[in-house]
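K.L.:
Here you go, sequence then predicted model.
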Amino acid sequence: MKTFPKNKNITPQSFWGNRAAWMVLALFASAMTGWGQAVVFDQFNSSSEVSAYQSQGWNGSPATFAYSTQFPSYSTGSSGSMQMNVIFGPGENGPGIVTYAPPFPISLVGATFLEFDLMVATNSALDPNGNASYFQLGFQYGAPSYSYEQVGPGFWLGPYGTTFTPGVWQHFKIAIPNSISGSSTPFNNLVIDPYDNSYTTAGTNIVYIDNIEVDIPAPHFPNFVAFNFDNSNSVTADSTIAGSAWYGQASTITWATNNSTIVNTNVTPVAGSGSAYLTATFGGEGVDVDNSGVFALALDTNYFVDGFPASENNTNFIINGYNYDAVEFDILWDTNNSTMSLDDFNAMGDIRGVPIGLFTQGNGQVELNSSEPNIPDAASNGWVHMVLQLPSSTPGIGQVLGLWGKKYGANGTNAYPGVAAYYIDNVVFDGGQIIPPSPQMTLVPAQKGLNALCAQGSADREDLVSIASDLSWVEQSSPVTYSFNIASFPTTANAGFDARLYLVPNVDATESDPDWVEPNLAIIQVYLNPNGLATVGVMVKTNAANGNGLLYSQDSYWNSTNSHAVGTWSFTFTGDTNVQVTAPDGEKGNVMFPLDDADLQSLFGTGMEIYLGGFPNGSGNQGQSMVYGSVGITNGSTQLLYDNFATDPSINLANWIVASSGSPGAVFLTSPTTVYWLNWTAPANGFFVQTNGNLLNKNAWSTNDGFSVNNLGTYFQTAVDVTNLASGSPLFFRLNNNPTR
């Protein structure tokens, strides 16, 4: 026998100094959010969309739903609607109508409006006030209940608010409040809640609904104000170049006090602001000199301090041109100093129209297009605003240093003689759409056993608590062994995750966080290191109810092993304070229990139960899970407790109580029919699972609503059941983010 070597580099675990506040984790029915678009819930193009709705019977009102061929004449792509027949009367005030279908569950972060169409049937029964119910829509995080989050103010159809004409479709657009659009927790279902407590006699309210969607603008990079020419330092010899060495007479660029008066919400007005003033002289067709107007304007006002070309690359002011989809600016044609017409200037040169491009790292000069929009004629009379598109296909704009302008006019380029002079101001790069990375899918075998899924934060405790309470090792005549088999464990990317056996000398403990609540407690722990090997620990606290005490500062009781976490671990108390550990690789060693005999007998010698579970030990491990194959406790040759989770059909409630700080379903047995876990990375807004048995048939992809999706923070997961797999046939998976079905 040997003693485990003490690992001097082991860092004690983080101090969890308070009780965690847990969020609710919903078990989701299918796909996640929209990317930045009008996310269509239902256009009711088929009866299958209607069948996805169900009545909750909240207020005693019977309700039925049917597919109808009625639909708004102004809508496109819609061939039907959902007809809702709701009976109102005394004690029958509304049903609560819910759907979980794709694209639910959905995150509404950034959502702006909820839109839908409604029509009250001509034969609908109205209440005594002439209303067709108080008609409101809302969203819920979890299962349907009365505590749903309402989107915007509800409204009446009738004299109390919105008037209606029976048989006429109306379109509604309701602003979504920040309490909804600012919530990062996905919503699990849509609630349609017709409500009316004014019916004195029973009547059937008949309403059609269609084209339910949420507007979620696509996220964009912020706009970048490149130049607003606030002062004379905006255009200096160090920040600009002009074409003095290009084909003859120099073009010039200087700072001018003539600033634009166009209102631009991207630019804050500055007193004394000015503009950049550009001039160029052209010799005309067939002239070999004075045939170009060239300038460069750097974001870094010191960039051209050594002249042009610049002697080194710029590292101070660089923007990624691919993050922007347009360049906008104000421009004014100087009719006093220009001797050529604006029309001739637009028509001439290798770049027709306004001659503005980008200056890039390595002295690159990028033309946006061979022909840009003409400077409008109105620019001869005052400032005008122009927008140049910046196509993502434009090569070489990953490192933009500033603006580049060039108009070359000589033989064969429609050159005209004369001076061109103009001002530019308020140059802004318009942020383009942020395209999230595509989610990556993996298909892994489902390990049979007890899952502890830690998806609710850095201190999510997911455990089973033993019913048996005669499980103490103290003052026993024979060695007591606590053992467990780890069937599956997170990877080294999730170092810090640990498997835990809590030894709790309180036969009534059932709370999810005994390490905080209980005054006396010991923990046997298997902890994952970044090198993939496991460290074992025995920790204890005494007389520290509702606190950590010294529990997480006992680094002297951590010992390294040469074993990985997966496999069977046993901890045998050969005495009250000596623990012999056997690792899965057969390695043996001793650790000492950090209490003396007197404390052990007084605090741990009475009744004792155990907790078995997992602990993420850090926010980076949120969503990770482990699987126990079995657990056993023996006193000599006497078996005190044994459970083979890999073969159990369900958690044995005669042996265990579930103690979860997450949500129902975080501690569970892998279903006997679950074959694989299908995982995909976050974000995955708007994606839902589709399957296909024949890749040669592109029309064979179908949405399988049997897949129930878990949002696990950094990734999503769904079980692939034997019922999803055709015997002897291939099956392919994909994620689809088309919001329509």
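P.N.:
Done, it's in.

K.L.:
Now do the strands in the stretch 151-300 of the chain.
P.N.:
Using DSSP state E, counting those that start in this stretch, the strands of the stretch 151-300 of the chain run over 155-156, 170-175, 189-195, 203-216, 224-227, 240-242, 252-256, 275-283, 292-298.

K.L.:
now the first one: how far from the chain's centre is it?
P.N.:
So the one you mean is strand 155-156. Centroid separation for strand 155-156 versus its chain: 33 Å, with Cα atoms, centre = their mean, to the nearest Å.

K.L.:
picking that back up, turn the strands of the stretch 151-300 of the chain into a markdown table, columns for distance to N59, mean neighbour count and mean pLDDT.
P.N.:
Every C-beta, even on glycine, is put in place using the N, C-alpha and C of the backbone. Formatted as a markdown table, the strands of the stretch 151-300 of the chain follow (distance: least, Cβ to Cβ, whole Å; neighbours: other Cβ atoms under 10 Å; pLDDT from 0 to 100):
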| stretch | distance to N59 | mean neighbour count | mean pLDDT |
| --- | --- | --- | --- |
| strand 155-156 | 17 | 17 | 80 |
| strand 170-175 | 22 | 15 | 91 |
| strand 189-195 | 7 | 23 | 88 |
| strand 203-216 | 13 | 22 | 92 |
| strand 224-227 | 54 | 18 | 94 |
| strand 240-242 | 72 | 23 | 79 |
| strand 252-256 | 71 | 19 | 93 |
| strand 275-283 | 66 | 25 | 91 |
| strand 292-298 | 67 | 26 | 84 |
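
K.L.:
Can you say which of these is nearest to S630?
P.N.:
Nearest to S630 among these is strand 189-195; the distance by Cβ to Cβ comes to 37.9 Å.

K.L.:
Which strands or helices does that closest one pack on?
P.N.:
Secondary-structure packing of strand 189-195 (3 or more Cβ pairs under 8 Å, 6 or more residues apart in numbering; DSSP states H and E): strand 81-88, strand 97-99, strand 134-140, strand 203-216.

K.L.:
switch to 6 Å and redo it
P.N.:
With contacts taken as 3 or more Cβ pairs under 6 Å, 6 or more residues apart in numbering; DSSP states H and E, strand 189-195 sits against strand 97-99, strand 134-140.

K.L.:
Columns mean neighbour count, distance to A522 and mean pLDDT on top of the ones you listed, output as CSV?
P.N.:
Formatted as CSV, these follow (neighbours: other Cβ atoms under 10 Å; distance: least, Cβ to Cβ, whole Å; pLDDT from 0 to 100):
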stretch, mean neighbour count, distance to A522, mean pLDDT
strand 97-99, 22, 47, 87
strand 134-140, 22, 42, 85
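
K.L.:
Make TSV from those strands and add distance to Q476 to it.
P.N.:
As requested, those are exported to TSV (distance: least, Cβ to Cβ, whole Å):
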stretch	distance to Q476
strand 97-99	55
strand 134-140	52
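
K.L.:
Would you convert the strands of the stretch 151-300 of the chain into CSV that also reports distance to V109?
P.N.:
Below are those laid out as CSV (distance: least, Cβ to Cβ, whole Å):
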stretch, distance to V109
strand 155-156, 25
strand 170-175, 16
strand 189-195, 17
strand 203-216, 8
strand 224-227, 24
strand 240-242, 43
strand 252-256, 43
strand 275-283, 40
strand 292-298, 37
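
K.L.:
wait, which of those strands is closest to Y324?
P.N.:
Smallest distance to Y324 across the strands of the stretch 151-300 of the chain (Cβ to Cβ): 7.0 Å, for strand 224-227.

K.L.:
First residue to last residue on stretch 610-625, what's the distance there?
P.N.:
20 Å (Cα to Cα, to the nearest Å).

K.L.:
again, but for stretch 196-212
P.N.:
Stretch 196-212 has an end-to-end distance of 22 Å (Cα to Cα).

K.L.:
Show residues contacting it.
P.N.:
Identification of contacts with stretch 196-212 by Cβ atoms under 6 Å, 6 or more residues apart in numbering yields 41-44, 68, 70-71, 75, 78, 81-89, 93, 116-121, 124-125, 127-129, 132-134.

K.L.:
Quick one: buried ones out of those?
P.N.:
Buried by 16 or more other Cβ atoms under 10 Å: 41-44, 68, 70-71, 78, 81-84, 86-89, 93, 116-121, 124-125, 127, 132-134, out of the contacts of stretch 196-212.

K.L.:
Give me the neighbour count for the closest residue to S469 other than its chain neighbours.
P.N.:
Among residues not flanking S469 along the chain, V507 sits closest, at 3.9 Å (Cβ to Cβ, 6 or more residues apart in numbering). Close neighbours of V507, defined as other Cβ atoms under 10 Å, add up to 15.

K.L.:
oh, and call the first residue 199 from now on, that's how I've got it
P.N.:
That works, and once the first residue is 199, the last one we named lands at V705.

K.L.:
Phi and psi next, for V705.
P.N.:
Dihedral angles of V705 (phi, psi; degrees, to the nearest 10) stand at phi -70, psi -10.

K.L.:
Check the chain for its longest helix and report it.
P.N.:
Secondary structure of the chain per DSSP state H: the longest helix is helix 795-802.

K.L.:
What's the end-to-end length of stretch 680-695?
P.N.:
Distance between the boundary residues of stretch 680-695 (Cα to Cα) amounts to 20 Å.

K.L.:
buried stuff in it?
P.N.:
With burial defined by 16+ other Cβ under 10 Å, the residues of stretch 680-695 counted as buried are 680-688, 692-695.

K.L.:
Closest to N833 out of those residues?
P.N.:
Out of these, the member with the shortest distance to N833 (by Cβ to Cβ) is Y680, at 10.6 Å.

K.L.:
The closest one touches F771, doesn't it?
P.N.:
No: using Cβ atoms under 6 Å as the test, Y680 is too far from F771 to be in contact (8.1 Å).

K.L.:
Could you pull out the helices in the stretch 499-648 of the chain for me?
P.N.:
540-545 (DSSP state H, counting those that start in this stretch).

K.L.:
for it, what are the low-confidence residue spans?
P.N.:
Applying pLDDT under 70 to the stretch 499-648 of the chain flags residues 505-510, 568-569, 608-611.

K.L.:
Let me know the distance separating the closest residue to Q597 other than its chain neighbours from Y501.
P.N.:
Leaving out its chain neighbours, the residue that sits closest to Q597 by Cβ to Cβ, 6+ apart is Q559, at 3.8 Å. Q559 sits 11 Å away from Y501, taking Cβ to Cβ, to the nearest Å as the criterion.

K.L.:
These two: who's more crowded?
P.N.:
Set side by side, Q559 and Y501 show more neighbours around Y501, with 24 against 16, by other Cβ under 10 Å.

K.L.:
Tally up the residues packed near the closest residue to that one other than its chain neighbours, please.
P.N.:
Nearest residue to Y501 in three dimensions, chain neighbours excluded: N512, at 5.6 Å (Cβ to Cβ, 6+ apart). Using other Cβ under 10 Å, N512 has 19 neighbouring residues.

K.L.:
The stretch 649-798 of the chain: strands as residue ranges?
P.N.:
Counting by DSSP E, counting those that start in this stretch, residue ranges of the strands within the stretch 649-798 of the chain are 660-664, 678-686, 696-702, 719-726, 732-739, 756-758, 765-771, 776-780, 786-790.

K.L.:
Please identify which of the ones you listed is closest to F480.
P.N.:
Of these, nearest to F480 by Cβ to Cβ is strand 719-726, at 72.1 Å.

K.L.:
tell me the mean pLDDT for the closest one?
P.N.:
Averaged over strand 719-726, pLDDT sits at 92.

K.L.:
Which neighbouring elements make contact with it?
P.N.:
strand 696-702, strand 732-739.

K.L.:
any idea how the protein splits into domains?
P.N.:
234-414, 422-629, 646-863, 872-934 (automatic domain parsing).

K.L.:
how about these, which one is nearest M639?
P.N.:
The nearest among these, by Cβ to Cβ, is domain 872-934 at 4.6 Å.

K.L.:
Quick one: end-to-end length of that closest one, please.
P.N.:
For domain 872-934, the first-to-last residue distance is 23 Å (Cα to Cα).

K.L.:
now M824, which residues is it bridged with?
P.N.:
In this entry, M824 is beta-bridged to A650, by DSSP bridges.

K.L.:
show me what contacts it?
P.N.:
M824 neighbours (Cβ under 6 Å, 6+ apart): 650, 687, 697, 812.
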